[in-house]
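Trainee: can't give you the sequence, but here's the structure:
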């Protein structure tokens with residue numbers, strides 16, 4: 001039996017609008033005897049619309065226009081598929097009854113043991129598919145540098161128009177920046193409470209280093225590098241507590257939550273009383289729950305009662321102690337705690 005041979009020739013018309021591809025089957029008689037039903041001849045790949053395609057021809061059935069001897073499509077055996085969606089790689093579309101084999105041979109479309117099939121492909125690209133077609137073009141967009149510029153503004157203070165005096169130190173700032181970040185600052189600097197004649201604002205009941213950290217956050221949305229509270233030392237946790245109070249005072253909710261998270265991660269017998277008082281006074285429900293869970297252990301309660309912050313908690317927040325007693329403590333410890 002003669003060896004199966006076939007070759008393909010292709011002509012790309014206009015890839016942006018469509019393509020015509022001619023699949024020439026050479027060695028038709030060998031193909032129809034060697035290939036069983038459902039086995040195709042497959043063309044080489046051709047590209048249309050950024051995707052690769054191939055034509056499959058089934059000599060004994062299974063599955064485009066057949067061309068006459070002059071290379072023109074035969075209308076009787078021309079088929080059009082409109083709007084077919086190829087959902088995944090390797091999916092296909094076509095006709096199982098494209099042309100009867102007897103009709104193909106009787107009509108003399110097969111000449112010199114070969115014939116040709118023409119396939120016209122047009123691709124309609126959806127938005128997400130267009131991105132795939134253009135994926136070879138990559139534009140690198142750098143991250144936003146807005147905060148870096150604002151940090152530079154904080155350092156050089158170009159255009160600063162207000163001065164804050166805090167614990168004897170003075171800090172320059174920009175009214176517009178502070179007002180955009182805090183409704184309290186907006187009321188103080190632009191509302192009925194604003195300083196009309198001079199640009200000096202006195203800040204009471206706050207340490208200078210806490211206000212400096214507050215300003216840094218307002219300009220950069222982060223804590224200073226030396227105020228990250230990463231090592232969990234008492235000094236860091238105390239700073240987080242003071243900064244939480246400042247954030248609550250100026251209604252800076254995200255900063256308040258940052259400080260609350262720091263305190264939640266460093267609940268211990270030395271600081272739990274102070275943290276519980278802060279949670280109760282500044283409506284920090286997550287911190288309150290973390291402290292109460294820590295105090296579910298009677299030994300932790302006893303250690304708290306020996307800490308420096310216990311007396312302040314007892315005098316300033318008696319209700320939270322009653323809640324602790326009601327939720328966790330055994331009867332013998334309830335009597336001891338409530339009697340102190």
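Mentor: Now that the structure is in, tell me what you want to look at. Note that the coordinates shown come from a computational prediction; the quantities given were computed from them, not determined experimentally.

Trainee: got any ranges where this protein has weak pLDDT?
Mentor: Applying pLDDT under 70 to the chain flags residues 1-19, 62-90, 93-97, 106-108, 125-137, 192-198, 226-235, 328-340.

Trainee: domain assignment for it?
Mentor: Split into domains by automatic domain parsing, the chain comes to 11-133, 145-264, 267-340.

Trainee: need those domains in a markdown table with distance to residue 139, can you?
Mentor: Any C-beta I mention is one placed from the backbone N, CA and C, and that applies to glycine too. Shown next, in a markdown table, are these (distance: least, C-beta to C-beta, whole Å):
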| stretch | distance to residue 139 |
| --- | --- |
| domain 11-133 | 12 |
| domain 145-264 | 17 |
| domain 267-340 | 41 |
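
Trainee: want to try CSV for these, with mean neighbour count as columns?
Mentor: Below are the domains of the chain laid out as CSV (neighbours: other C-beta atoms under 10 Å):
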stretch, mean neighbour count
domain 11-133, 14
domain 145-264, 16
domain 267-340, 16
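
Trainee: quick test: name the residue nearest the centre of this structure.
Mentor: residue 143 (13.9 Å; C-alpha atoms, centre = their mean).

Trainee: SS state for that residue?
Mentor: coil (DSSP: H, G, I helix; E, B strand; the rest coil).

Trainee: for residue 236, same thing?
Mentor: Bear in mind the rule, three-state DSSP; under it residue 236 is helix.

Trainee: follow-up on the earlier one: any idea how far residue 221 is from the residue nearest to the centre of the chain?
Mentor: Here residue 143 is placed at a distance of 13 Å from residue 221 (C-beta to C-beta, to the nearest Å).

Trainee: quickly find the element holding residue 314.
Mentor: Using DSSP states H and E, residue 314 maps to helix 310-316.

Trainee: whatever helix or strand comes next after that helix: how far from the chain's middle?
Mentor: Using DSSP H and E, the helix or strand that directly follows helix 310-316 along the chain is helix 318-327. The chain centre lies 42 Å from the centre of helix 318-327; the measure is C-alpha atoms, centre = their mean, to the nearest Å.

Trainee: cool, stretch 174-182 as well?
Mentor: 28 Å.

Trainee: doesn't residue 255 lie inside a helix?
Mentor: Yes - in this structure, residue 255 lies within a helix as judged by three-state DSSP.

Trainee: which non-adjacent residue is nearest it?
Mentor: residue 247 (4.0 Å; C-beta to C-beta, 6 or more residues apart in numbering).

Trainee: ok, now which ones touch that neighbour?
Mentor: Residue 247 makes contact with 214, 253, 255-256, 259, according to C-beta atoms under 8 Å, 6 or more residues apart in numbering.

Trainee: can you put these in CSV and add distance to residue 58?
Mentor: CSV is the format used below for those (distance: C-beta to C-beta, whole Å):
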residue, distance to residue 58
214, 76
253, 68
255, 70
256, 71
259, 72
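
Trainee: so which of those is the closest to residue 25?
Mentor: residue 253 (72.6 Å; C-beta to C-beta).
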